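Visitor: Have a look at this fold, sequence not included:
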């Protein structure tokens, strides 16, 4: 026992000290990290619903909206109600976070109109696709294609779309385009179901 | 082996025996130098043949003349522009590299000319000038000279250049145009829009095969054989390429092993797929005629430096190229797989050589 | 410890034993995140912070280290500082930490740090170890940034997101891809070897 203690006392003491140090770091940064994440989601939500985001000289975003997290029965779904700042006035829309896999994990934020009939915007929250190929899903032109009616599930095509619910895939980035389209379809479908069942209750 | 290593590094010799060997080697070298060309002392394999690097390379150039003629006929000025630019920049790169490394010039062996022509023939006709130059520099500098020059390179230099361009400018490298006199067809969308009037974009026969492609109007086999389809500069005409290939085979610049392995395995692979699901896959003859299959089999995969040495190895290497090409074409995201399959097999070539090299009489010597 | 020794310990890490260009260790971040200067700089700084702190702590406790437990203790120390660095980045450089992704936690297994702990910190005093960490850390940051400059310039025609090359310059996508990292690293190492061999001839 004594021999064992002699061997491990350093590890034990260090673990205690470091554990305390980490706890302190966690405590002191936890709030800020959560705020950062919230800020990012809020910026993207404004882009996806209002369509623009003005920054002041310091690079601070000038918000026009507030987010209220929706309590949904589907716990895997993260969605927000987008309200004008101060909560005055009618609802601006909804923001839903869609998750999926392209070549790697993908997170997108989808903006929806207040009556859930239209997609007002698509923003990429997190992506690690191949630069020059898959990463082009971040491009404005590609994302703009998703601003359309949400009544029908979107369909990905590889040539110029002939119907309204069609989205044209990026050349050389079919898998990433497919992933985004599938994520949008699932997320929109889920959120509509969840919000409608919420409203019934 | 000892003498070689220490000789190269110029180290001090502690071992008297090693030193002796080293001296002997030097004497032999001197004899060899003094008595050329009657006496050549060098390690095996011993070839008694008049073939020099230069002769082999000139053969390849001659064999490519018909394809060049078809390229000019089909793609017009772009064919001359690409080939000329590749030639100038490949030769300039090689010259500069030799200058920097203070080595004797190697332009005279014509290998850079062959690299330039093969690279040019594997590029899309409308590729802008800067990309052509960059690809040529990459081919010679990264593909060949960095390894120590001709004979030392693991990968086919022209394919290294093309792979560099493919990853650097994926969009430019997959923009294809229809042959020149098709541009009068004003129903093509690009012509209507008024942009790019000097070139009508058109998917290559292989791109049309990919699911969901816009215009699935597969050209008839006759078109593929003559070469009036869109595609890389020199790969379109089967007839012209075969003409050159017959010349190469007759001159024994290449042997039949690699082309047969590659084309045979590709046809068998495509044939099995075609028989299993005729609706989903196309006729194997189409695969043979489309894309860079013929060009790759006779001119690129047969590169003497980056392919295996033994005949058996060459057959295996060819089969590998063919199968990989078909796997990429039918199951991959890229429409064409000749470049990648040849580069991959290049990497395996030393290993194939090692396992197929003929054994000395009396079995293996234990190392 | 004399002053000149400290200076040589410092410059040693910067050039003669530069981790990624000479020793070829710490290749994962060198290849993975040098696609932009900002990424490379942040990564280099974070690694330097961890390196300096772990070197210092290991050097302080080196007399108490049990030979068979030392790797465990190193990992404990390194992991702690990496976690601190990760939290700090998330709190104060949020976008940066997002673009670095999993590579910040991966500093734990960066062998530059373990190598310096074994080679220097476990044998020498805290001042020397501190200076050594600083030198190697700066050398690492320098080589990462050098690669970052080359790759961002040709791959996205900018440096630190500030556009340098004109719009007419078509970006070489290959430079921001992993294959570009290998190409650039190879060419830079070749250049460094050339410079070093020339120096040796002169000396």
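Guide: Structure's in. What do you need? Predicted model, so just to flag it, every value in this text is computed and none were measured.

Visitor: count of residues packed around residue C:178?
Guide: Using other Cβ atoms under 10 Å in any protein chain shown, residue C:178 has 14 other residues around it. C-beta here means a position set from N, CA and C on the backbone, and glycine is covered the same way.

Visitor: for stretch B:262-276, which positions count as buried?
Guide: B:262-263, B:265-267, B:269-270, B:273-274 (16 or more other Cβ atoms under 10 Å in any protein chain shown).

Visitor: what's the answer for stretch B:136-148, then?
Guide: Across stretch B:136-148, burial judged by 16+ other Cβ under 10 Å covers B:136-146.

Visitor: got it, and stretch B:279-292?
Guide: With the criterion 16+ other Cβ under 10 Å, stretch B:279-292 contains buried residues B:281-282, B:284, B:286-292.

Visitor: can you give me the helices for chain C?
Guide: Counting by DSSP state H, residue ranges of the helices within chain C are C:3-11, C:27-32, C:37-60, C:70-92, C:94-100, C:111-116, C:126-156, C:178-202.

Visitor: Give me the subset of the buried residues of stretch B:136-148 lying in helices.
Guide: Mapping the buried residues of stretch B:136-148 onto helices (DSSP H) picks out B:136-137.

Visitor: Sitting in strands, which of the buried residues of stretch B:136-148 do you find?
Guide: Among these, no member falls in strands (criterion: DSSP state E).

Visitor: same for chain C: which of the buried residues of stretch B:136-148 are within range?
Guide: Here is what survives when the buried residues of stretch B:136-148 are matched to chain C using Cβ under 8 Å from any Cβ of the partner chain: B:142, B:146.

Visitor: Go through the buried residues of stretch B:136-148 and say which is closest to residue A:100.
Guide: Comparing these against residue A:100 with Cβ to Cβ places residue B:138 closest, at 36.1 Å.

Visitor: what's the closest one in contact with, if anything?
Guide: Applying Cβ atoms under 8 Å, 6 or more residues apart in numbering or on different chains to residue B:138 gives the contacts B:160-161, B:164-165.

Visitor: now do 10 Å
Guide: For residue B:138, the contacting residues are B:93, B:119, B:157, B:160-165, B:168, C:172, C:174, C:183, by Cβ atoms under 10 Å, 6 or more residues apart in numbering or on different chains.

Visitor: Identify the residue spatially nearest to residue C:42, adjacent ones excluded.
Guide: If the residues on either side of it in the chain are set aside, residue C:42 comes closest to residue C:96, at 5.0 Å by Cβ to Cβ, 6 or more residues apart in numbering or on different chains.

Visitor: Then residue B:274?
Guide: If you skip the residues right next to it in sequence, residue B:274 has residue B:281 as its closest partner in space, 4.9 Å away by Cβ to Cβ, 6+ apart.

Visitor: Tell me the residues of chain A that contact chain B?
Guide: Taking Cβ under 10 Å from any Cβ of the partner chain as the test, the list of chain A residues beside chain B reads A:130, A:132-133, A:136, A:156-160, A:169, A:171-175.

Visitor: Am I right that residue A:95 is in a helix?
Guide: No - counting by DSSP: H, G, I helix; E, B strand; the rest coil, residue A:95 falls outside a helix, being strand.

Visitor: And it, how far from residue A:128?
Guide: For residue A:95, the distance to residue A:128 under the criterion Cβ to Cβ, to the nearest Å works out to 22 Å.

Visitor: higher neighbour count, these two?
Guide: Neighbours were tallied for residue A:95 and for residue A:128 using other Cβ under 10 Å; the higher tally belongs to residue A:95 (29 against 15).

Visitor: beta partners for the more buried one?
Guide: Residue A:95 has the following beta-bridge partners by DSSP bridges: residue A:80, residue A:111.

Visitor: Let's test this: mean pLDDT of the helix or strand harbouring residue A:106, rounded?
Guide: Element membership for residue A:106 (DSSP states H and E) is strand A:105-112. Over the span of strand A:105-112, the pLDDT mean works out to 89.

Visitor: and after the lowest-mean-pLDDT helix or strand in chain A, which helix or strand comes next?
Guide: When the helices and strands of chain A are scored by mean pLDDT, DSSP states H and E, strand A:61-62 comes last with a mean of 78. Following the chain from strand A:61-62 toward its C-terminal end, the next helix or strand by DSSP H and E is strand A:65-69.
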